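**Student:** Turn this into a model:
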Amino acid sequence: MNDLTSSALALTRRHFLQGSAVGVGAAALADLLHGDLPAAESKQGNQPGVSGFPNFPGKAKRVIYLFQSGAPSQLDLFDYKPKLAGLRATDLPDSIRRGQRLTGMTKDQESFPVAPTRFKFAQHGRSGAWLSDLLPHTAEIADDLCFIKSLHTEAINHDPAITFIQTGAQLAGRPSMGAWLSYGLGSENRDLPAFVAMVSGSGGQPLYDRLWGSGFLPTRYQGVKFRSLGDPVLFLSNPPGISSPVRRRFLDDLARLNELNYQQVGDPEIVTRVAQYELAYRMQTSVPDLTDISKEPEHVFDLYGQDARKPGTFAFNCLLARRLAERGVRFVQLFHRGWDQHAQLPEKIGDQCRATDQASAALLKDLKRTGLLKDTLVVWGGEFGRTVYCQGKLTAEDYGRDHHPRCFTVWLAGAGIKPGVTYGATDDFSYNITQDPVHVHDLNATIMHCLGINHAQLTFKFQGRHHRLTDVHGEAVSQILA
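**Tutor:** Numbering: from 1, shown residues only. Below you'll find the predicted structure:
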């Protein structure tokens, strides 16, 4: 085969593939050009996801994930270990540690003194769930919660651990859970994103946009981050001198230029770009209405706390999460920073609980009051746990705890989950799991099951392989499913 023939064949293949791509995406682009335009007349309605999903009738339609970034100490909040009081300042037995790896922050410590919690625990509700006195409001909803005390992960440092629990992989580049659910299930509201992320708190580990990103999925499935200052969404307002009718005509013309470009190159991201422009236009009306909490009755602010009046706080974001759930947003993720307590833990964890406890419980009560809890799944937890031994100097009043991936606690509540249940157990040091281990992939498979998704079947082909949120692992924890 000569060079001329080879080049001609390559050109033919290239045109064939481009033409195929155009054929696949043309209907979607035509719908955007002729269905969504003019968007000012569009109505709320369901936008389906992948054909065949959900696989079965799920009890949940949406998820609110209250992610506590930095790793809350299970020993000081949920995992009551009364025998530790008599072991204070003794060295963690080798039989418990079993040579397990430590972080670079404590691997060179000469000793690993046991640090019992300084906080009091009590049982609550008919379920008898053990909770620290740091969480008085969560204690009030104990019978609505399912505690998993045997969750474990593979990463020992924050960024890979947060990336892992959000995307199913420690390395960046995979789609986040919200993106997977947006892709698989679509949206129930054409005027709002299917996936919204919000960040509160200060200090601790940085949170990167890729944690609510779409990875190798089309970018239309990525989360939209709501901000606490200025426009809730970047570039939502019209530029100075541009009226809404002018912007509408601009978007119409821009969409037609994108249509010409799409016919030439067949890039599916062009369809995504047009869809995002149209969604942004519709959000000019829907988002201000969503974020205007002035008409919320006073009893709502009594429930969530007065911080709910302040944009950017965890309480405000919890209230907004309920309003997003009312409007059919598929996945709402609240990230709250500041749980990374290597030192001064008693003081710092108290601050964190005062910032989050009332609002977390209020969200669940509010969802229950409005009837939304019956089809909304709520998840609360961080990326790993904390060590029983003290990091740094142990004193009568103070201690710190290092990262601990081998066991930690999360809670779930709402649609698809048994209430008033504690699942799994750890040893007397909250160091190793002794009963019913739950891997991060199992947790994610369980969340997807509540939504009617078989986690092994929701896949996307990328670089020659069919990927999924749970990689090649995971089983839904049937014992906690309602």
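
**Student:** can we go C-alpha only for contacts and neighbour counts from here?
**Tutor:** OK.

**Student:** what comes up buried for stretch 291-311?
**Tutor:** 291, 293, 301, 303-305, 307-309, 311 (16 or more other Cα atoms under 10 Å).

**Student:** Quick check: the farthest pair among those?
**Tutor:** Greatest spacing in the buried residues of stretch 291-311, by Cα to Cα: 291 and 303 (18.0 Å).

**Student:** What about the buried residues of stretch 291-311, which are in helices?
**Tutor:** Of the buried residues of stretch 291-311, the ones assigned to helices by DSSP state H are 291, 301, 303-304.

**Student:** of those, closest to residue 79?
**Tutor:** The closest of those to residue 79 turns out to be residue 304 (Cα to Cα; 25.7 Å).

**Student:** Isn't that closest one up against residue 363?
**Tutor:** Yes. Under the criterion of Cα atoms under 8 Å, residue 304 makes contact with residue 363 at 7.4 Å.

**Student:** what residues are shared contacts of those two?
**Tutor:** Shared contacts of residue 304 and residue 363 (Cα atoms under 8 Å, 6 or more residues apart in numbering): residue 319.

**Student:** quick one on the thing from earlier: which among the buried residues of stretch 291-311 gets closest to residue 323?
**Tutor:** The nearest member of the buried residues of stretch 291-311 to residue 323, counting by Cα to Cα, is residue 291 at 8.4 Å.

**Student:** List the residues that contact that closest one.
**Tutor:** 232, 320.

**Student:** Over to the residue lying closest to residue 97 once chain neighbours are set aside: give its phi and psi.
**Tutor:** For residue 97, ignoring the flanking residues on the chain, the nearest one in space by Cα to Cα, 6 or more residues apart in numbering is residue 431 at 7.5 Å. When read as degrees, to the nearest 10, the backbone of residue 431 gives phi -110, psi -40.

**Student:** Ok, residue 129 next?
**Tutor:** Dihedral angles (degrees, to the nearest 10) for residue 129: phi -70, psi 140.

**Student:** how many neighbours does the spatially closest residue to it that is not a sequence neighbour have?
**Tutor:** Residue nearest to residue 129 in three dimensions, not counting chain neighbours: residue 123, with 5.1 Å by Cα to Cα, 6+ apart. Residues lying near residue 123 (other Cα atoms under 10 Å) number 14.

**Student:** correct me, but residue 123 touches residue 136?
**Tutor:** No. Using Cα under 8 Å, residue 123 makes no contact with residue 136, being 11.3 Å away.

**Student:** Adding distance to residue 56 and pLDDT, write the ones in helices among the buried residues of stretch 291-311 out as CSV.
**Tutor:** Formatted as CSV, those follow (distance: Cα to Cα, whole Å; pLDDT from 0 to 100):
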residue, distance to residue 56, pLDDT
291, 34, 91
301, 38, 98
303, 36, 98
304, 35, 98
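
**Student:** circling back to that earlier point, what would the buried residues of stretch 291-311 look like in TSV with distance to residue 105?
**Tutor:** Formatted as TSV, these follow (distance: Cα to Cα, whole Å):
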residue	distance to residue 105
291	42
293	44
301	41
303	40
304	37
305	37
307	35
308	37
309	39
311	35
